[in-house]
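Novice: Below are the sequence and a predicted model for it; my questions follow.
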Amino acid sequence: MNVELVYIEADEEFIVSLDMAATATVADAVEQSQLLDKFPSLKLVDYQLGIYSQEVSPGTPLQAGDRVEVYRPLVLDPMEVRRQRAKVSRS
C-alpha cells in the first residue's frame, strides 16, 4: 500500500512516498522513510505524529493513501507571540 510521510522544518520540507506492507504502522513508516537519519535532531525531542492532522500513536495501523505527518515542537508559544504583537501595536 502507498502512503506519504511529511515533515516540515522552517527552511526545509521532507516529503516521501512509501510502499508499505498491509500490516504497517505509523512507526514503520517513520523508520522506512529514514527521516531520523536525515534530521538527527528529532531523536532528541518529543515529536508527535498524525494522519491528516489527527494525532495518532506510533502503533496506529496505516491504510492505503494515508498522509503521515511528523510534528516538531513549537519554537515559540503562540499565546506569547500574540501578547508581544499586541504590546507593539499599542505603542
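Specialist: Received the coordinates, thanks.
Novice: May I have the secondary structure class of the closest residue to residue 15 other than its chain neighbours?
Specialist: Once flanking residues are discounted, residue 15 sits nearest to residue 6: 5.1 Å by C-beta to C-beta, 6 or more residues apart in numbering. Using the backbone N, CA and C atoms, a C-beta is placed for each residue, glycine as well. With DSSP: H, G, I helix; E, B strand; the rest coil as the basis, residue 6 sits in strand.
Novice: Let me know whether residue 6 touches residue 66 as I believe.
Specialist: No. Residue 6 is beyond contact range of residue 66, at 10.8 Å (criterion: C-beta atoms under 8 Å).
Novice: Of the two, give the one with the bigger neighbour count.
Specialist: residue 66 (22 against 16; other C-beta atoms under 10 Å).
Novice: wait, doesn't the more buried one sit right on residue 49?
Specialist: No. Residue 66 is not in contact with residue 49 according to C-beta under 8 Å; the separation is 11.2 Å.
Novice: pull the longest helix from the chain.
Specialist: Determined from DSSP state H, the single longest helix within the chain is helix 78-90.
Novice: chain center to it: distance?
Specialist: Taking C-alpha atoms, centre = their mean, to the nearest Å, one finds helix 78-90 lying 27 Å from the centre of the chain it belongs to.
Novice: Tally up the residues packed near residue 33, please.
Specialist: 22.
Novice: Also the one 5 residues further on?
Specialist: Other residues near residue 38 come to 12 when the count uses other C-beta under 10 Å.
Novice: change the start of the numbering to 31 and stick with it
Specialist: Taking 31 as the first residue, the last one we looked at is residue 68.
Novice: what's the spacing between the nearest residue to it once chain neighbours are set aside and residue 107?
Specialist: Leaving out its chain neighbours, the residue that sits closest to residue 68 by C-beta to C-beta, 6+ apart is residue 44, at 6.3 Å. For residue 44, the distance to residue 107 (C-beta to C-beta, to the nearest Å) stands at 25 Å.
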